[in-house]
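Colleague: need a structure here:
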Amino acid sequence: MWSSQPRFRRSVETDVQTSLAALGVTVEPTVFLIGLSTVDDSDDPLHVEPGDGPIVPADFERLHDRARELYDQDPDTQVQYSPAWVGERQRARLLNRAYGKAISDVLEEKVGLRFFAGLPTSVNDYLVFIVVGLPHRVLDAAPHLVHEKVDDRYALTRSLIHGAVEEILGLSSKALYQPDPGSDLDEHVQGADIAKRAAGALTRSAIALAGNMTAARLFDGLNRLVTTRYERRVGVGSLLLASRDSEYIERSLTLRQSVSISETRTVRKLLETSSREGASLLTDGDVVYGLGRLRKSDYPEESESVFQVLVTGDGVWHLLHADNPLATVEFGAPRLPQQLLQPDRLDGICSRVFDGQYDDKALWRLAEAAKRAEHGTMLVISKRAADEAARLGSQALPIEPTFADSFIEQVTGIDGAVLVDPFGRCHAIGVILDGASTGEGDRARGARYNSAVRYLASAEAEGTRTVILLVSEDGMINLLPNLRPRIRRAERDALVADLREAAAIDPVDAERFYKAYDRVEAKAFYLSEDQIDEVNAMMEDHWERRKAEGAQIWVIQNPLVFNPEMTDD
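Modeller: Numbers count the residues shown, from 1 in each chain. Take a look at the predicted model:
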């Protein structure tokens, strides 16, 4: 279709990958370019890029019929427009949207990924559709809205991932208007900018579901709000995004004159009247109009009509629906919410640290209670909890051994950690941890996290088996030691076998080789010494073959190194 189309496709793949990485998602996207010829009786009526991939033009033999079916089923085609030229343009757009959906359906059935197609752009004699594919697991795991449209007509951005892909498709379609798109190696979008646009689109979708179709200032307004102090205090509180006439809101007070969300200082002052667990400021996305609570007892979650914004610290806010976080924004930079601790993760670490001698149900009850601590907390699970309570008695409040899940939320209000044994019995509260200084801390984290790292390092040096659960004020959860997850040997070996297969292709398929290599590199810790040697040899041979085929530029890459921590254990 044009000379630089392979490079353009790879550029879109890179943009998707870096933008999702900015949101905290590591994924390998798949991108196709599908070109429909605009020339009658063309020798190449449908063109696929890449031409040597799993998709061939014959896969689209029913494309035109299916697109017409989707177009006829679209209720928007029944809308009448005036003047006539507006209607013609809208109908052409709807037909292109139908073609994009039909193309995505073919790719999903053939490749097994979830595909998103943008509106096409004319390039030479082709109408070019950019289609991005992601694994279903990535989309299913990300928190997302159930609704796809408002009033069965206006499309919504369902998640941060959806928003990022939609933004990249739009920008990439515009890039196709440039001469020889893809020829400029420096043409890439900024992942952080895409992430912000995605968060703005998701916020606007929440506002639309709450009943306001025109508000567009809430995202920026919240970012200003959480960085504004009131009498030198950092803001902590909450807002409810809901229609003024929502039947699920119980109002404590109503402002006679609403306050615009752009009046940052006034809204910040009002935020002092709210709390994370109690009453919230009420907003429709444009203005703050009162103070109230969500009546959770009869709120139908499937309606997605009331959303909550939690302000948890300096520069940090979270968008939630029905207590489920949809996005976290920190100083204007959005990311997917930290995944809440799962029982199997806690159980997996405790089983390895305590050699099976622990009560998984009791520890999970404690973890569940600790997660609800409003000001954060630290739960220290020690095999020698009784001895540690005695040793640290001068900097702790030792208690009679008691199962703590009934009172842990109350004791987290005081400074210090809660010390329990592997069976869930509490031995001390308000524990100030000691420990020798270590190079394993994180200067970006606070004193609570770094004191836990120091204490754990000292405990491990003395042979005291310990697990520490940290809950920060902004809801982030850390589990120490942060052991690498276990993977099956078969999974590791399959990655190396796939690279071996890619390396054997003749002539060299650089894209196929590097995609396989990236997957191996991501799991390099788990490779045996023999596998490390084999992978490095394949990389060296790959570049020797590339040079023999006339490559003028090549990448000098550091070889993989065997990690001595990878043992039979």
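Colleague: List the buried residues of the helix ranked longest in the chain.
Modeller: Longest helix in the chain, counting residues (DSSP state H): helix 84-111. For helix 84-111, the neighbour count (16 or more other C-beta atoms under 10 Å) marks 91, 94-107, 111 as buried. (Each C-beta comes from the backbone N, C-alpha and C, glycine too.)
Colleague: and if you look at stretch 234-251?
Modeller: Within stretch 234-251, judged by 16+ other C-beta under 10 Å, the buried ones are 234-244, 246, 248-249.
Colleague: Stretch 545-552 too?
Modeller: In stretch 545-552, counting by 16+ other C-beta under 10 Å, buried: 545-546.
Colleague: Next, the distance between the ends of that stretch.
Modeller: Taking C-alpha to C-alpha, to the nearest Å, stretch 545-552 runs 12 Å from one end to the other.
Colleague: which residues touch that stretch?
Modeller: Applying C-beta atoms under 8 Å, 6 or more residues apart in numbering, the contact partners of stretch 545-552 are 507-508, 510, 543, 554.
Colleague: let's go with 10 Å and repeat that
Modeller: Residues outside stretch 545-552 that contact it (C-beta atoms under 10 Å, 6 or more residues apart in numbering): 503, 505-508, 510, 513, 543, 553-555.
Colleague: So which elements touch the helix or strand hosting residue 346?
Modeller: Residue 346 belongs to helix 343-353 when assigned by DSSP states H and E. Judged by 3 or more C-beta pairs under 10 Å, 6 or more residues apart in numbering; DSSP states H and E, the packing partners of helix 343-353 are helix 360-371, strand 377-382, strand 466-471, strand 477-480.
Colleague: ok, 8 Å please
Modeller: helix 360-371, strand 466-471, strand 477-480 (3 or more C-beta pairs under 8 Å, 6 or more residues apart in numbering; DSSP states H and E).
Colleague: Pull the CA coordinates from that helix and hand them back as CSV.
Modeller: Output of helix 343-353 as CSV, limited to C-alpha atoms (Å, rounded to 0.1, in the frame of the first residue of the first chain):
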residue,chain,number,x,y,z
PRO,A,343,-5.6,-15.2,49.3
ASP,A,344,-3.5,-17.3,47.0
ARG,A,345,-0.7,-14.7,47.0
LEU,A,346,-0.6,-14.6,50.8
ASP,A,347,-1.0,-18.3,51.1
GLY,A,348,1.8,-18.9,48.5
ILE,A,349,4.3,-16.8,50.4
CYS,A,350,3.4,-18.1,53.9
SER,A,351,3.6,-21.7,52.7
ARG,A,352,7.2,-21.1,51.5
VAL,A,353,8.3,-19.0,54.5
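Colleague: That one: how far from the chain's middle?
Modeller: Chain-centre distance of helix 343-353: 24 Å, with C-alpha atoms, centre = their mean, to the nearest Å.
Colleague: Report the buried residues of it.
Modeller: For helix 343-353, by 16+ other C-beta under 10 Å, it's 345-346, 349-350, 353.
Colleague: what does stretch 366-383 give?
Modeller: So for stretch 366-383, counting by 16+ other C-beta under 10 Å, buried means 366-367, 369-371, 373, 376-383.
Colleague: Lowest-confidence one in those?
Modeller: Scanning the buried residues of stretch 366-383 for pLDDT, the low point is residue 373. It has 67.
Colleague: The spatially closest residue to residue 5 that is not a sequence neighbour: neighbour count?
Modeller: The shortest distance from residue 5 to any non-neighbouring residue, by C-beta to C-beta, 6 or more residues apart in numbering, is to residue 49 (5.0 Å). For residue 49, the neighbour count with other C-beta atoms under 10 Å is 20.
Colleague: Quick check, residue 49 in contact with residue 32.
Modeller: Yes. Assessed by C-beta atoms under 8 Å, residue 49 is found in contact with residue 32 at 6.7 Å.
Colleague: pLDDT below threshold where in the stretch 151-300 of the chain?
Modeller: 185 (pLDDT under 70).
Colleague: how about the strands of it, start to end?
Modeller: 154-155, 237-241, 249-260, 280-283, 287-294 (DSSP state E, counting those that start in this stretch).
Colleague: The first one pairs with which strands?
Modeller: Translated: strand 154-155. Partners of strand 154-155 in the sheet, by DSSP bridges, are strand 149-150 (antiparallel).
Colleague: what's the answer for the fourth one, then?
Modeller: Sheet pairing here is set by DSSP bridges, and for strand 280-283 it gives strand 237-241 (parallel), strand 287-294 (antiparallel).
Colleague: re earlier: tell me which strands and helices the longest helix of the chain is in contact with?
Modeller: Counting by 3+ C-beta pairs under 8 Å, 6+ apart, helix 84-111 packs on strand 30-37, helix 63-73, strand 114-117, strand 126-134.
Colleague: follow-up on the earlier one: nearest to residue 535, of the strands paired with strand 280-283?
Modeller: In terms of C-beta to C-beta, the element of those nearest to residue 535 is strand 237-241, at 50.2 Å.
Colleague: how distant is the closest one from the center of its chain?
Modeller: 22 Å.
Colleague: now stretch 416-430
Modeller: 33 Å.
Colleague: which residues touch residue 67?
Modeller: 95, 98-99, 101-102.
Colleague: As JSON lines, the residues you listed with distance to residue 194 and pLDDT would be great.
Modeller: Shown next, in JSON lines, are the contacts of residue 67 (distance: C-beta to C-beta, whole Å; pLDDT from 0 to 100):
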{"residue": "95", "distance to residue 194": "28", "pLDDT": "95"}
{"residue": "98", "distance to residue 194": "27", "pLDDT": "96"}
{"residue": "99", "distance to residue 194": "25", "pLDDT": "97"}
{"residue": "101", "distance to residue 194": "23", "pLDDT": "96"}
{"residue": "102", "distance to residue 194": "27", "pLDDT": "97"}
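Colleague: just checking, what packs against the helix or strand bottoming out on mean pLDDT in the chain?
Modeller: Ranked by mean pLDDT, DSSP states H and E, the weakest helix or strand in the chain is helix 408-411, scoring a mean of 72. When contacts are defined as 3+ C-beta pairs under 8 Å, 6+ apart, helix 408-411 sits against helix 360-371, strand 425-431.
Colleague: I'd like the ones you listed written out as TSV, with distance to residue 301 added.
Modeller: Shown next, in TSV, are those (distance: least, C-beta to C-beta, whole Å):
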stretch	distance to residue 301
helix 360-371	20
strand 425-431	35
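Colleague: Worst mean pLDDT among these?
Modeller: helix 360-371 (a mean of 84).
Colleague: Identify all contacting residues around it.
Modeller: The contact list for helix 360-371, computed with C-beta under 8 Å, 6+ apart, reads 340-341, 343, 346-347, 350, 377, 379, 381, 403-405, 408-409, 412, 418, 420, 422-424, 469, 471, 477.
Colleague: Can you give the distance of the least confident helix or strand of the chain from its chain's centre?
Modeller: 31 Å.
Colleague: Pull the residues that contact it.
Modeller: Contacts of helix 408-411 (C-beta under 8 Å, 6+ apart): 366, 369-370, 372-373, 377, 379, 404, 418, 426, 429-430.
Colleague: Now for those: which two are most distant?
Modeller: Between all members of these, the farthest pair (by C-beta to C-beta) comes out as 372 and 430, at 18.6 Å.
Colleague: Can you tell me which of the strands of the stretch 151-300 of the chain is packed in deepest?
Modeller: Using mean count of other C-beta atoms under 10 Å, the stretch among the strands of the stretch 151-300 of the chain with the largest mean neighbour count is strand 280-283, at a mean of 27.
Colleague: Only alpha carbons, please: show that strand as CSV.
Modeller: C-alpha atoms of strand 280-283 as CSV (Å, rounded to 0.1, in the frame of the first residue of the first chain):
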residue,chain,number,x,y,z
SER,A,280,-19.0,12.8,50.8
LEU,A,281,-19.2,16.0,48.8
LEU,A,282,-21.9,15.6,46.1
THR,A,283,-21.0,16.6,42.5
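Colleague: what about it, distance to the chain center?
Modeller: Worked out by C-alpha atoms, centre = their mean, strand 280-283 lies 27 Å from the chain centre.
Colleague: OK, contacts around the residue nearest to residue 174 when sequence neighbours are not counted?
Modeller: Distance criterion C-beta to C-beta, 6+ apart; nearest residue to residue 174, sequence neighbours excluded, is residue 121 at 7.7 Å. Residue 121 sits next to 127-128, 173-174, 176-177 when contact means C-beta under 8 Å, 6+ apart.
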